[in-house]
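Trainee: Let's see this in three dimensions:
(chains A and B)
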Amino acid sequence: MTRRVPRLAPLLPWLLAMFSLVMAPMASSQSLSVQPPKIAGTVSSEDWEAYRSRFVEDSGRVVDTANGNISHSEGQGYGLLLALAASDRRSFEQIWSFTFTELLIRDDGLAVWKWDPGAKPRVTDRNNATDGDLLIAYALAKAGEVWQEPRYTTAAQKLAKAIGKNTFGRSNRSLILLPGAHGFGAGDRPDGPVVNLSYWVFEAFPVMAALAPEYEWNRIWRDGVMLLQQATSGRVRLPADWLSLQSGLQPKPADGFPPEFGYNSLRIPLYLLRAGMTDLEWLRALKQRWSAENEGVAVVNVVTGQIRERLMDQGYAILPAALACVLEGTPVPAALRTFEPSLYYPSTLYLLAKSLLGEKYPQCVSSAAP
Amino acid sequence: MRLVGSAITTAILILGFAAIAQQTGPGGSQPPAGSPQSEAPPANGSQPQVDESALRYFASQGDTRRVNAEIARLRALYPNWNPPSDLSQLSAGAAAPPPDPIIERLWNLYREDRIAEVRAAIAERQASDANWKPPEELVTALETVEARRRLVNASDSGQWQTVLSVATESPGLLTCTNVDVLWRVAEAFARTDQPTRTRDVYTYLLMNCANPAERLATLQKALTLLPEQQVTDLLQFERKTGETPDDFGSIRDELARRRVERASLDSKTTASAEDLAAVERLIRNTNEAGPVLILGWYNYHHGNPARALELFKTALDRNGAAKAAEGYAMSLRALERLNDAEAFAYEWRERAPENMKIYLDIATALLSQDPAPRLDSQVVARIVPVVTTQRFSDGAQALGWYSYNTQQIRTARDWFRTALGWKPESEPSAYGLALSTQRLNERAAFNAVVAQWRGRSERIADLADGTNPGSRRQSAPAQPRAEVDVAPPAPSRPAAPRQMTVERVEIEQPLVRTETAARQRQSEARSVLGRSCAMTANPAGLSGDAALTRAWCLMEINRPLEAVAAFDRAISTGSGRAREEAAYGKSLAYLRKNLTSEAAIAAAEAPQTRSRQVELGASILTQRALAAYRDKRYVETLLALSERARLVPEQNDLLLIRGWSYFNLGRYKDAEQVFRAVQRTGHSEEASIGLNAVLEVTDQVSQ
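Mentor: Below you'll find the model as predicted:
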């Protein structure tokens, strides 16, 4: 396999790492040379205020407005990350207070994932969701560093160790991230292990590696990239949200889930871009599908290629725009530059994308751009 | 993990001790934030849990205005509350700096339980003023509240390790102000297999915390988590004197109830008089069936069925339902009131499997009495279908003896055979079958039973050797009495419309006679194969003769549809003779299931001898006629009967069917003719009833 000469100089370290990774996939001394985003100060206070006033309660609970107003560990993680991005220490502390007292109660140190204001007890599923744990730990670590707050760093480290201890799994020679501590492993279901590629929050792994170096974050990261390549090598070139890795076969859609590239997986390109992993060939294919072929972001059946639902919200529309900006320098259309919050999830994606563009690709969103 | 676990345990106990000792110690000047003042000595039990942390802070700041405002607020909330006496000491030592307006706001938020907002406001203030620090009391209070929330949430979600680790990290929580927390910690110990630690927590609580309602609730929790002996040990902490003495009577009663409950099912264990009195008290003081049932069973199993009967009656009145009914029926039986027991149990039999079982047992006991009882025909008639649908072998056997002792030998024989079919290893059923076949002089059937049982049953062997004449009754001779219809399930009988007499027709069904020829074959096959034909299901692969033997054996144990499969195998693989016999057997099998069309087709599958053709044809047509009659299809009944009459002469029972068919079709003249023909063969009550019915109708018509 050959790679193109890198066009963007700042990404050279990552590309070199990627290059050696591809050339020698078994190299174990691979270091994570990606520069994670700075985050703090990359979301404007107006945008954040629009988000916070809609989705964050005084108790520090981030509300999933499209999902029965429940809360989950993912939402708390995003809330912390965006509060940090907006440099809102007050809200960060508020969201953390809720996360700490209501969700971080599992015996293994992970967060219970689901909290329903209408239920008693409020925790309606005590399993964890590994992406939520990663997001929380990542936000805490970054905030601890930026605000010099040891409480955050200590909590981040505890959580990072718990993630390493309880959610790493094996599939043949790959090290994988199980979506939850229970129910997804090889012994837990006939088509197990089952993974969700959108749970690989790539930008978080170097930070986790610094907090809990006794776990192989590096391999999780590397094997995740390989899994993504395998899962996108089919005709449709899109991964299903939930993938079965049973007995070393090609990844295939997991039983009991629709075989769809859906709301989960559409985060994958955003995570790749935020982690600076912009040279993956798949991103070009995805850009082609989303922009050049005018399909836009959609829920797609990964077997038939059929579109089930086109996603029109601003928070989804900004994903192809961000991809076009990063890969080709295309300015983000004016209509996408002003935040118009609607529901929790697309609004979150929007701010995460805008935070990335503002930090690393200001030319695509600067007022000078057409 | 074990080491860590026990380390936590040790830590929590030491810290728990420390925290409690702190409250109860003589000094008591520095109680942890939020703990009530009056902990030692435990006097004012009704003392609410008043959070004085804000008050103490304002006092320490020398802020008299806020201290007074807070005292007024707390008094409004808790009328019985008195401010702590050490406030003046706190304020005396304070330098009284100018009050910071944010502090009051933070305490206000804290009091409103808006913890996240307190945290947020502190963070916000620190972001703008890196040197600013919140008051230590507030930080402690916040940490305590957060720890309590996490502990409660973890306990609600069954995260017991988290409960224990939070408690270890926040020993300030383990105080009598947080009895709920102490309970949750105790439960966490129990759920992690450390019941001794659970007991320790309860012990500390009972030694140190004053609220009598909470003390009682502690014992109630102990009842659900600890072995009874440990609960009993905790009772020693009951406070019998003082302003608010304990009353652990309900706990003692519950322990007594449990002891009586255990003894109630075990006749070897006796309960103490005190325990029994406690249960009697529970019965008087509540409207529940539970304690009544316990005492009922206790009396039942300890030789007092009369008292048990009274108690189960009370339990029934208290909606004790199926369980009470079971006890009531069993008590009646124990009192040898079998007729009452049967009638009662019959009503309740569908309520639960236990009720069905007790009904079957009682019905069996009723039928098996010695000497044979005179039973209401209705009683026997309702026992039969229950025994049949439940396939209750002992009941079938009891019906066999009842029939035998009431001189219904053929019926007895069929019941014994049925009983054996349901429970092939039952020697008494086999003995009954041997006795009845001997009485009926059915040599082949008798020999088959003997062949199978000679080695296992001395009395059956004796029957064959003539040392025990078969004519002897099983029990003391009974007076001949009116026959009661106790026909066994197969052959089934039609439900005749409006005339009881027709039921009698089927007692000796034609098919039974037809099958006699096959019986010998069956018995032989059965003695060759023993039980094995019932064990294996698939006849494929058997030779023609083997399949035939298997088929007859299955017929013998009354599994006709499985026999059909085996006969089919014999038809497809056997010799000419085997095929003929198999086709014949298959027809019989279908006839047993009342599948007359299938029987007719099977009969045609291989050429039959003339006599068998006649026999099968007649049987098939008989069943068709009866089936049609049962379904009130009288025209078809007459067609089948006429066809049958071309093969064999029509016997009286079928003539009666013919007569009633005419009657039901309104052909009264024809009906009258038939009934008169029957009457000419000798006196027939059924024919007379038929004639009367015809006369009645025609009289009415002519009027």
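
Trainee: Can you tell me how far A:Leu197 is from B:Ser688?
Mentor: When distance is defined by C-beta to C-beta, to the nearest Å, A:Leu197 is 92 Å away from B:Ser688. C-beta here means a position set from N, CA and C on the backbone, and glycine is covered the same way.

Trainee: The two: which is more packed in?
Mentor: Ranked by neighbour count (other C-beta atoms under 10 Å in any protein chain shown), A:Leu197 and B:Ser688 place A:Leu197 first, with 24 against 14.

Trainee: how much space between the more buried one and A:Thr278?
Mentor: Look at A:Leu197 and A:Thr278: by C-beta to C-beta, they are 17 Å apart.

Trainee: Could you do B:Pro171 as well?
Mentor: On the measure of C-beta to C-beta, B:Pro171 and A:Thr278 end up 52 Å apart.

Trainee: for B:Leu216, same thing?
Mentor: Relative to A:Thr278, B:Leu216 is positioned 68 Å away (criterion: C-beta to C-beta).

Trainee: residue ranges with poor pLDDT in the chain?
Mentor: Here I'm looking at chain A. A:1-36, A:248, A:367-370 (pLDDT under 70).

Trainee: hmm, I had chain B in mind actually
Mentor: Chain B contains residues with pLDDT under 70 at B:1-49, B:88-99, B:370, B:467-540, B:700-703.

Trainee: where does it come near chain A, residue by residue?
Mentor: Counting by C-beta under 8 Å from any C-beta of the partner chain, chain B comes close to chain A at B:114-117, B:119-124, B:126-127, B:146, B:149-150, B:153-154, B:156-162.

Trainee: Narrow those to those that are buried.
Mentor: Among the residues of chain B next to chain A, those scoring as buried are B:114-117, B:119-124, B:126-127, B:146, B:149-150, B:153-154, B:156-157, B:159-162 (criterion: 16 or more other C-beta atoms under 10 Å in any protein chain shown).

Trainee: Check the burial of residue 338 by counting its neighbours.
Mentor: No chain specified, so I'll use chain A. 10.

Trainee: think we crossed wires, I meant chain B
Mentor: The local packing of B:Leu338 (other C-beta under 10 Å) involves 19 other residues.

Trainee: Over to A:Gln94?
Mentor: Using other C-beta under 10 Å as the criterion, the residues surrounding A:Gln94 number 31.

Trainee: Which strands and helices lie in contact with the helix or strand where it lies?
Mentor: Secondary-structure assignment from DSSP states H and E places A:Gln94 in helix A:89-98. With contacts defined as 3 or more C-beta pairs under 8 Å, 6 or more residues apart in numbering or on different chains; DSSP states H and E, helix A:89-98 has these neighbours: helix A:73-85, helix A:130-146, helix B:115-128.

Trainee: Columns distance to B:Asp51 on top of these, output as TSV?
Mentor: Compiled in TSV, these are given as follows (distance: least, C-beta to C-beta, whole Å):
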stretch	distance to B:Asp51
helix A:73-85	28
helix A:130-146	30
helix B:115-128	13
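
Trainee: Next, the contact list for A:Ala324, please.
Mentor: Taking C-beta atoms under 8 Å, 6 or more residues apart in numbering or on different chains, we find A:Ala324 in contact with A:287, A:291, A:330.

Trainee: Columns distance to chain B on top of those residues, output as TSV?
Mentor: Compiled in TSV, the contacts of A:Ala324 are given as follows (distance: C-beta to the nearest C-beta, whole Å):
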residue	distance to chain B
A:Lys287	40
A:Ser291	41
A:Thr330	38
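
Trainee: By neighbour count, which of those wins?
Mentor: Each of the contacts of A:Ala324 was scored for neighbours by other C-beta under 10 Å, and A:Lys287 scores highest at 21 neighbours.
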